[in-house]
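A.B. asks: how would this look folded up:
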Amino acid sequence: MTEHAGRCVALESCGNGVWRAPGACIVDRTGRKRLPIGHSSFEGVAADSVYVDKTQLIADLLDSNYAVTLFCRPRRFGKSLNLTMMRTFFELPPDGRSRAALFEGTAVWQADGGNWREHQGVYPVISLSMIAAKGLTWEATFDSLKQMIAVEYNRHDYLASSERLNDGERRYFRRIASGQADTGDYSDSLRRLALMLNEHHRHKVVVLIDEYDAPVMASYSAPNGGYYEEAVAFLKIWLTGTLKDNDNVLALACLTGVQRISKESIFSDLNNLVVNTALSDRFDERYGFTEAEVSALLSYLGFSRDCQDTARQWYDGYRFGTQDVYNPWSVLNYLDNDCAADSYWGNTSGNSLIGDLLRRADADTLQQVYDLMQPGGVVTAPLDLSVVFPDLGIRKDAVWSMLYLAGYLTTEDTGFPGQTRLLRRLRIPDLEIAGLYRDEIIGRFASSTDSMEGERRLARFHEALAKGDAETLNAELGAILRDSTSSFDVVSENSCHMLLMGLCFGVSGYGDPLSNKEAGYGRYDLRLEPALPGTFGAMFAAPGPRPVITIEMKYVRPADGVDGKTLDDELRAKAGEALRQITERWYDERLPDNAQGRLRWGIAVGGRHCVAIAERV
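C.D. replies: Numbers count the residues shown, from 1 in each chain. The predicted model follows:
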């Protein structure tokens, strides 16, 4: 037993680069402690890098006896690595070189007294990644699919001369492998390859398809209406022909993706398909890192408990089935950067789902997003994980299911995963994902006018708000009200509240705005508290104490025929009334430990006019 002093857990060396701790196994064959950043090939990772052992997934699959399994998880949660792990384990190696040594000492090698070892290296395998099969048109996407299929055919080029295949099969093989086949030939190419491998090897075939949903996701976002129907029609024929009622040929098949695309009838004819999502409790430990695995990983690499505390805030919080898991991509990058917290997962994508949500949001949806951003914030909504892309324009609640599948929301309410109308409490998983929402909210308000001035205007608003500069804040808020009526209809106290709340995200040195919380003898409208160290608000803020900012708002409905001077006088009176309300109801009597002093704002809005008054205490 080797105790890593001051580290997260005690690790036991099992020899051959295998280290164990309760609930975790770390493999590092070279001992060089290199992290597999950006690598999804198991063979390379297991041979040259630190690997968090997820091989028990293979034993679980074999033990389940499932014919076809679809794993739906967010991007960068280990889907590709797990699929290449299966390929390395199952495949009868084309070069004749055994890969068994890569699994020695791992979970699958030890499971059930070694009973699963007999499955290593004995199956012909079809292995396809569809991540690149996407384009702006169906023609471009279909060309990518043809190339992908041809590459896999050429990986099995020995079939072109196999004496166990007839002349017609060999000719068909050569047409697909050369990319010279007719368009119709490709729809049957997966089924035919499985049959030819089965005939040649006299052994059942394993089929592994990564990111199966990439063409459909690309089709929906393509310009000019996209090519959704074409993508779905091709995949239905191409996949179903291989996976349905094919027990004589197929040993097992695994597919991965982000979205569960089933209502489009891609899988409507498959009665042997098991869909495993983040709601499922089976296989729930096999994607993402558990608490025990992160602790063991940090201990092996020599990091302290403080690093895990920060990692827990930033990258933990997902619930898969009954397991709490960390985002593995973010954890590995965090450790590779010496425990420097940052938005690693968010920077690998355009996060268009959140952006689309906010651009299309009506008042109710925007309020729900703001509710999510509150401490302990939740949105209560049903999860239909077979939601389809066209539903986004028809069903108001479809967006929450899409955000959940994509990893932007999670829930502890994972029971009864097949119930599509069961209301579940959805929340933002961690600080990293909260930052993505914050960025998109700020982006919406920064671009709320047609002018290029939007970013600078928002920055001036933030600076004036934090300094108590009423003159500048009146000017900037007034300009926003004048120029943004097409985006924000400020026609009530609630709409005024939502506008101001959105504008208050991203103030340097402060956390996200708090809304309608009980304090003193009532509820304040908005409050900004100094950001805690290590959070987004504190990152680029100048050092020094900051006051708590409390905002009370009033809305004045402009009467017909009222001139501007009369309205301004009424707004000034209402702003003063709002300011007095903060004091009289003791909204800011209690201060957080990191705050120094109080800054109060009374703001009144009427139509496109506003008056803001500040007071420092």
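A.B. asks: In contact with Gly522, which residues are there?
C.D. replies: With contact taken as C-beta atoms under 8 Å, 6 or more residues apart in numbering, Gly522 is in contact with Arg585, Tyr587. Where C-beta positions appear, they are placed from N, C-alpha and C, glycine not excepted.
A.B. asks: nope, Asp143 is what I was after
C.D. replies: Applying C-beta under 8 Å, 6+ apart, the residues near Asp143 are Gly135.
A.B. asks: how much space between it and Trp601?
C.D. replies: 58 Å (C-beta to C-beta, to the nearest Å).
A.B. asks: biggest helix in this structure by residues?
C.D. replies: helix 564-584 (DSSP state H).
A.B. asks: Restricting to C-alpha, output that helix in PDB.
C.D. replies: Extracted C-alpha coordinates of helix 564-584, given in PDB (Å, rounded to 0.1, in the frame of the first residue of the first chain):
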ATOM      1  CA  GLY A 564     -42.400  64.300 -21.300                       C
ATOM      2  CA  LYS A 565     -41.800  66.700 -18.400                       C
ATOM      3  CA  THR A 566     -44.800  65.500 -16.400                       C
ATOM      4  CA  LEU A 567     -43.800  61.900 -17.000                       C
ATOM      5  CA  ASP A 568     -40.200  62.600 -15.900                       C
ATOM      6  CA  ASP A 569     -41.500  64.200 -12.700                       C
ATOM      7  CA  GLU A 570     -43.600  61.200 -12.000                       C
ATOM      8  CA  LEU A 571     -40.700  58.800 -12.600                       C
ATOM      9  CA  ARG A 572     -38.400  60.800 -10.300                       C
ATOM     10  CA  ALA A 573     -41.000  60.600  -7.600                       C
ATOM     11  CA  LYS A 574     -41.400  56.900  -8.100                       C
ATOM     12  CA  ALA A 575     -37.600  56.400  -8.100                       C
ATOM     13  CA  GLY A 576     -37.400  58.200  -4.800                       C
ATOM     14  CA  GLU A 577     -40.200  56.100  -3.400                       C
ATOM     15  CA  ALA A 578     -38.300  52.900  -4.500                       C
ATOM     16  CA  LEU A 579     -35.100  54.100  -2.800                       C
ATOM     17  CA  ARG A 580     -36.900  54.800   0.400                       C
ATOM     18  CA  GLN A 581     -38.500  51.300   0.300                       C
ATOM     19  CA  ILE A 582     -35.000  49.700   0.500                       C
ATOM     20  CA  THR A 583     -34.200  51.600   3.700                       C
ATOM     21  CA  GLU A 584     -37.700  51.300   5.300                       C
END
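A.B. asks: Please identify the buried residues of it?
C.D. replies: By 16 or more other C-beta atoms under 10 Å, the buried positions in helix 564-584 come out as Leu567, Glu570, Leu571, Lys574, Ala575, Gly576, Ala578, Leu579, Gln581, Ile582, Thr583.
A.B. asks: quick one: it to chain centroid distance?
C.D. replies: Taking C-alpha atoms, centre = their mean, to the nearest Å, one finds the center of helix 564-584 at 44 Å from the center of the full chain.
A.B. asks: helices or strands up against it?
C.D. replies: In terms of contacts (3 or more C-beta pairs under 8 Å, 6 or more residues apart in numbering; DSSP states H and E), helix 564-584 is packed against strand 546-555, strand 595-606, strand 609-616.
A.B. asks: so how far is Ser495 from the residue nearest to Lys134 when sequence neighbours are not counted?
C.D. replies: Among residues not flanking Lys134 along the chain, Ala218 sits closest, at 3.2 Å (C-beta to C-beta, 6 or more residues apart in numbering). Separation of Ala218 from Ser495 (C-beta to C-beta): 36 Å.
A.B. asks: Run through the bridge partners of the nearest residue to Asp213 once chain neighbours are set aside.
C.D. replies: Once flanking residues are discounted, Asp213 sits nearest to Gly257: 3.7 Å by C-beta to C-beta, 6+ apart. Note on Gly257: beta-bridge partners by DSSP bridges are Cys72.
A.B. asks: What of Gln323?
C.D. replies: Phe320.
A.B. asks: coming back round to it: strand 595-606 and the longest helix of the chain, what's the angle between them?
C.D. replies: Between helix 564-584 and strand 595-606, the angle comes out at 150 degrees (axes from the mean of the first three to the mean of the last three C-alpha atoms, to 10 degrees).
A.B. asks: Helix 564-584 to strand 609-616, inter-axis angle?
C.D. replies: If you take the same axes, to 10 degrees, helix 564-584 sits at 30 degrees to strand 609-616.
A.B. asks: Quick one: residues in contact with helix 564-584.
C.D. replies: Contacts for helix 564-584 (C-beta under 8 Å, 6+ apart): 524, 550, 552-554, 556, 558, 587-588, 600-607, 609-613, 615.
A.B. asks: Same question for stretch 423-430: list its buried residues.
C.D. replies: Across stretch 423-430, burial judged by 16+ other C-beta under 10 Å covers Arg424, Leu426, Arg427, Ile428, Pro429, Asp430.
A.B. asks: Can you list the low-confidence ranges for the stretch 301-450 of the chain?
C.D. replies: Where the stretch 301-450 of the chain drops to pLDDT under 70, the residues are 350-351, 387-396, 448-450.
A.B. asks: Mind jotting down where the helices sit in it?
C.D. replies: Assigned by DSSP state H, counting those that start in this stretch, the stretch 301-450 of the chain shows helices spanning 305-315, 328-336, 352-360, 363-373, 398-406, 431-446.
A.B. asks: Could you take those helices and lay them out as a markdown table, with extra columns for distance to Arg482 and mean neighbour count?
C.D. replies: What follows is these, written out as a markdown table (distance: least, C-beta to C-beta, whole Å; neighbours: other C-beta atoms under 10 Å):
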| stretch | distance to Arg482 | mean neighbour count |
| --- | --- | --- |
| helix 305-315 | 39 | 19 |
| helix 328-336 | 41 | 22 |
| helix 352-360 | 21 | 16 |
| helix 363-373 | 20 | 17 |
| helix 398-406 | 31 | 22 |
| helix 431-446 | 15 | 21 |
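A.B. asks: So which of the ones you listed is nearest Ile149?
C.D. replies: Proximity of the helices of the stretch 301-450 of the chain to Ile149 was assessed by C-beta to C-beta; the nearest stretch is helix 398-406, lying at 26.7 Å.
A.B. asks: Turn the helices and strands packed on helix 564-584 into CSV, including distance to Thr290, mean pLDDT and mean neighbour count.
C.D. replies: Converted to CSV, the helices and strands packed on helix 564-584 look like this (distance: least, C-beta to C-beta, whole Å; pLDDT from 0 to 100; neighbours: other C-beta atoms under 10 Å):
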stretch, distance to Thr290, mean pLDDT, mean neighbour count
strand 546-555, 38, 96, 23
strand 595-606, 37, 95, 22
strand 609-616, 49, 95, 21
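A.B. asks: In a markdown table, list the ones you listed along with distance to Leu405.
C.D. replies: Output for the helices and strands packed on helix 564-584, formatted as a markdown table (distance: least, C-beta to C-beta, whole Å):
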| stretch | distance to Leu405 |
| --- | --- |
| strand 546-555 | 36 |
| strand 595-606 | 39 |
| strand 609-616 | 41 |
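A.B. asks: can you tell me which of those strands comes nearest to His39?
C.D. replies: Closest to His39 of the helices and strands packed on helix 564-584, according to C-beta to C-beta: strand 546-555, at 43.0 Å.
A.B. asks: Go ahead and measure how far the lowest-mean-pLDDT helix or strand in the chain is from the middle of the chain.
C.D. replies: Scoring the helices and strands of the chain by mean pLDDT, DSSP states H and E places helix 352-360 at the bottom, with a mean of 75. Put simply, helix 352-360 sits 14 Å off its chain's centre (C-alpha atoms, centre = their mean).
A.B. asks: Also stretch 315-330?
C.D. replies: 11 Å.
A.B. asks: so the nearest residue to Val507 once chain neighbours are set aside is in which element?
C.D. replies: Closest residue to Val507 apart from its sequence neighbours, by C-beta to C-beta, 6+ apart: His462 at 4.6 Å. If you go by DSSP states H and E, His462 is part of helix 454-467.
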